[in-house]
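K.L.:
Sequence first, then the predicted structure:
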Amino acid sequence: MTPPTAIPVGAPPGQDAVGELAAHVTGAVLTPGDEGFAAEAAGFNLRSRHRPALIVAAESAADVQAAVRFAAAHGMPLGVLATGHQPFPARDGFLLLTTRAMRGVRIDAGRRVARVAAGAVWSDVVGPAQAAGLAPLNGSSPRVGVVGFTLGGGHSPFLGRSVGWAADHVVSIEAVTADGTLHQVTAESDPELFWGLRGGRSNFGVVTALEIELFPLTSFYGGGIYHPAERTEEVLRAFTEVVPGAPDDFTCSVALLNMPPLPEIPEPFRGRALVHLRVAGLGTDEETERLIAPFRAIGPGLVDTVARHPYEAFAAVHADPDQPAPYEERSTLLAELPAEAVERLLECARRGAGGPVTVLELRHFGGALNRTPAHAAPVAAREAAFSLWGATVGPPEAVAAGYDSLSEVMERLSPWSTGRTYTNFTAREDRAEDVFTPAELDRLRALKRLHDPANLFRVNNHTIAPR
């Protein structure tokens with residue numbers, strides 16, 4: 001991978017300036033060498049080695065305002081970090097604003113809306129929402145940050161196909177722009193900025209809180225079925241049989257797994273190549289069982305957790321890792337999955353079993369994810385029928401080998417690609433051109449020129465430069 005180009009920055013601020021900043025914020029202000037600096041700079045992806053000149057651990061919107069004004073005054077690019085799941089480009093000399101201390105969540109059951117602060121993760125939202133009989137458009141992991149997930153489009157493997165992208169269901173946004181002003185942004189107050197924030201992430205400002213829609217749902221019928229890798233062809237054939245006629249309230253995906261031989265991984269998974277079917281139905285148990293009959297016909301799995309579950313048990317379906325790890329990822333969006341594409345995927349699976357790729361996942365989109373509502377967010381992934389994503393986890397040599405293998409898989413499936421990647425599944429080197437359509441990007445660049453002409457917010461992934 002080619003390292004990103006260095007960003008020109010101003011002279012580092014002196015101790016007096018840093019001390020003045022610290023006097024105006026509630027959260028910690030840290031410089032290299034301070035106790036806690038390395039821990040605050042670390043994200044979930046341990047391959048992202050952040051090298052900021054200064055960290056502000058914000059505890060409020062006022063802290064965010066102070067940090068933004070300081071960065072602008074001292075010519076320091078500004079980056080934002082909540083959980084740090086996605087790869088973060090290597091940068092030097094910037095101001096890192098962390099929001100993980102901002103975890104407040106407030107549920108308005110009457111409006112079916114949650115107000116979520118910048119550092120909240122999905123486990124902070126699901127529990128309080130369920131107490132009101134409601135569910136958010138969350139992803140598969142309880143540890144992912146709500147704001148980053150939602151402003152990257154936000155694919156829910158539970159409600160997505162029935163109601164659409166999470167970004168389309170944002171009610172309002174509280175954000176600090178490059179001049180340090182705190183805005184309350186809605187489709188009525190500033191329709192263009194509201195549009196751009198719901199897809200452009202940190203390119204136009206630092207989002208300090210979101211109001212998001214909630215939906216009446218307290219349980220689902222689903223879970224995971226694990227088979228040995230020898231059944232991959234049967235599983236993929238069944239998958240292509242199930243998805244064409246699937247109703248919008250049913251979602252399924254397939255993951256090819258190479259489990260490491262680590263003692264903390266339970267039998268019968270340890271050190272094995274597996275294929276993992278994941279299903280979630282919002283209809284009755286009987287309706288979902290009829291839909292997954294082709295999956296049942298494969299035979300019993302090594303483990304089968306498909307049953308009626310309370311919605312709070314959503315994390316068990318995909319069983320995403322919950323501990324930080326070093327990894328790289330690659331992805332593409334597929335417009336279709338014809339028989340030839342399935343054959344190529346099977347060839348890649350046969351070669352990859354027991355190899356360095358940790359997970360290769362095929363998600364079915366469709367339904368409401370392919371529809372464009374009024375006030376739609378810039379989510380180019382709504383053009384796709386499937387998402388193909390993979391990750392490789394481990395020490396540098398294993399990650400490098402796995403990344404090369406993933407790149408080959410994406411290349412072999414490129415004839416059916418839309419030519420873009422889903423924002424939340426971008427690789428470290430992906431650019432804005434890889435995420436947005438040309439029309440979206442042109443409009444986003446015009447918006448950047450209006451709200452951040454000096455390109456202060458240029459540290460995070462797929463930076464949008466002013467037009």
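P.N.:
Done, it's in. What you see is a predicted model; the values in this text were computed from it and never measured. Residues are numbered from 1 along each chain as shown.
K.L.:
from here on, contacts and neighbour counts on C-alpha atoms
P.N.:
Will do.
K.L.:
secondary structure element for the closest residue in space to A229 that isn't next to it in sequence?
P.N.:
In this structure, A229 finds its nearest non-sequential neighbour in L274, 4.4 Å apart by C-alpha to C-alpha, 6 or more residues apart in numbering. Following DSSP states H and E, one finds L274 within strand 273-281.
K.L.:
Please work out which residues outside that strand touch it.
P.N.:
157-158, 220-229, 231-232, 235, 249-259, 288, 306, 317-318, 353-354 (C-alpha atoms under 8 Å, 6 or more residues apart in numbering).
K.L.:
Show residues contacting the helix or strand following that strand.
P.N.:
Next along the chain after strand 273-281, taking DSSP H and E as the criterion, comes helix 285-291. With contact meaning C-alpha under 8 Å, 6+ apart, helix 285-291 is reached by Y221, G222, V242, A246, F250, G281, A307, R308.
K.L.:
Work out for me the element the second one sits within.
P.N.:
Same thing as G222. Using DSSP H and E, G222 falls in strand 219-228.
K.L.:
Show me the contact partners of that strand.
P.N.:
Outside strand 219-228, the residues within contact range by C-alpha under 8 Å, 6+ apart are 272-285, 288, 301-312, 316-318.
K.L.:
what about burial for these, which qualify?
P.N.:
Neighbour-count burial (16 or more other C-alpha atoms under 10 Å) applied to those gives 272-282, 288, 301, 304-309, 311-312, 316-318.
K.L.:
who touches A109 in this structure?
P.N.:
By C-alpha under 8 Å, 6+ apart, the contact set of A109 is A132, L134.
K.L.:
Give me the sheet partners of the strand holding L274 and which way each runs.
P.N.:
strand 219-228 (antiparallel), strand 250-258 (antiparallel) (DSSP bridges).
K.L.:
Just name the most buried of these.
P.N.:
The highest mean neighbour count among the strands paired with strand 273-281, using mean count of other C-alpha atoms under 10 Å, belongs to strand 250-258: a mean of 25.
K.L.:
A167 and L197 touch, don't they?
P.N.:
No. With contact defined as C-alpha atoms under 8 Å, A167 does not reach L197; the gap is 9.2 Å.
K.L.:
And stretch 381-398, how far out from the chain middle?
P.N.:
Chain-centre distance of stretch 381-398: 11 Å, with C-alpha atoms, centre = their mean, to the nearest Å.
K.L.:
Below-threshold pLDDT in the stretch 301-450 of the chain: ranges please.
P.N.:
For the stretch 301-450 of the chain, no stretch has pLDDT under 70.
K.L.:
Which residue ranges of it form helices?
P.N.:
315-318, 339-352, 396-412, 432-435, 438-451 (DSSP state H, counting those that start in this stretch).
K.L.:
Quick check: buried residues in stretch 183-191?
P.N.:
H183, V185, T186.
K.L.:
Next, the distance between the ends of that stretch.
P.N.:
13 Å (C-alpha to C-alpha, to the nearest Å).
K.L.:
Name the surrounding residues that touch it.
P.N.:
V171, S172, I173, E174, A175, V176, T177, L193, F194, W195, H375.
K.L.:
If we go by neighbour counts, what in the helix or strand encompassing the first one is buried?
P.N.:
If I follow you right, that is V171. V171 belongs to strand 170-176 when assigned by DSSP H and E. By neighbour count on 16+ other C-alpha under 10 Å, the buried set for strand 170-176 is V170, V171, S172, I173, E174, A175, V176.
K.L.:
Mind listing the strands whichever helix or strand comes after it pairs with, and their directions?
P.N.:
Per DSSP H and E, the first helix or strand lying C-terminal to strand 170-176 is strand 182-185. With DSSP bridges as the test, strand 182-185 is paired with strand 170-176 (antiparallel).
K.L.:
Show which residues not belonging to the partner strand make contact with it.
P.N.:
So strand 170-176 is contacted by 61, 64-65, 68, 113, 182-187, 194, 198, 205-213 (C-alpha under 8 Å, 6+ apart).
K.L.:
mind running it again at 7 Å?
P.N.:
65, 182-186, 205-213 (C-alpha atoms under 7 Å, 6 or more residues apart in numbering).
K.L.:
Could you do stretch 327-336 as well?
P.N.:
Outside stretch 327-336, the residues touching it (C-alpha under 7 Å, 6+ apart) are 45, 47, 87, 381, 383-394, 399, 403, 406-407, 410, 416-418, 420-422, 425-427.
K.L.:
for the nearest residue to P453 once chain neighbours are set aside, what are its contacts?
P.N.:
In this structure, P453 finds its nearest non-sequential neighbour in P466, 5.9 Å apart by C-alpha to C-alpha, 6+ apart. Contacts for P466 (C-alpha under 7 Å, 6+ apart) come out as R445, A446, K448, R449, P453, N455.
K.L.:
try T98
P.N.:
T98 touches V56, A57, A58, V80, L81, A82, counting by C-alpha under 7 Å, 6+ apart.
K.L.:
For it, give me phi and psi.
P.N.:
phi -100, psi 140 (degrees, to the nearest 10).
K.L.:
Same check on the one 10 residues further on?
P.N.:
Backbone torsions of D108, given as degrees, to the nearest 10, read phi -110, psi 90.
K.L.:
For F70, see how far away it is.
P.N.:
Taken as C-alpha to C-alpha, the span from D108 to F70 is 35 Å.
K.L.:
go on, G366?
P.N.:
G366 is 44 Å from F70, by C-alpha to C-alpha.
K.L.:
Those two: which is more packed in?
P.N.:
G366 (23 against 20; other C-alpha atoms under 10 Å).
K.L.:
ok, and the most crowded of the contacts of P466?
P.N.:
K448 (24 neighbours).
K.L.:
on that earlier part again, so which of the contacts of T98 is the closest to R100?
P.N.:
Minimum distance to R100 across the contacts of T98 is 5.0 Å, recorded for A82 (C-alpha to C-alpha).
K.L.:
OK, contacts around the closest one?
P.N.:
Here A82 is in contact with T98, T99, R100, G119, G145 (C-alpha under 7 Å, 6+ apart).
K.L.:
Low-confidence ranges, the stretch 1-150 of the chain, go.
P.N.:
Ranges of the stretch 1-150 of the chain meeting pLDDT under 70: 1-11.
K.L.:
And the strands in it?
P.N.:
For the stretch 1-150 of the chain, the strands defined by DSSP state E, counting those that start in this stretch occupy 29-30, 54-57, 78-81, 95-98, 105-108, 113-117, 134-135.
K.L.:
Okay, now the sheet partners of the second one, with direction.
P.N.:
Pairing partners of strand 54-57, with direction, according to DSSP bridges: strand 29-30 (antiparallel), strand 95-98 (parallel).
K.L.:
Ok, the last one next?
P.N.:
Strand pairing for strand 134-135, using DSSP bridges, gives strand 215-216 (antiparallel).
K.L.:
Quick one: mean pLDDT for the strand it pairs with?
P.N.:
Taken as a whole, strand 215-216 has a mean pLDDT of 98.
K.L.:
That strand: how far from the chain's middle?
P.N.:
22 Å.
K.L.:
highest average neighbour count across the strands paired with strand 54-57?
P.N.:
Per stretch, and counting mean count of other C-alpha under 10 Å, the top mean among those goes to strand 95-98, which has a mean of 26.
K.L.:
Okay then, goodbye and thanks.
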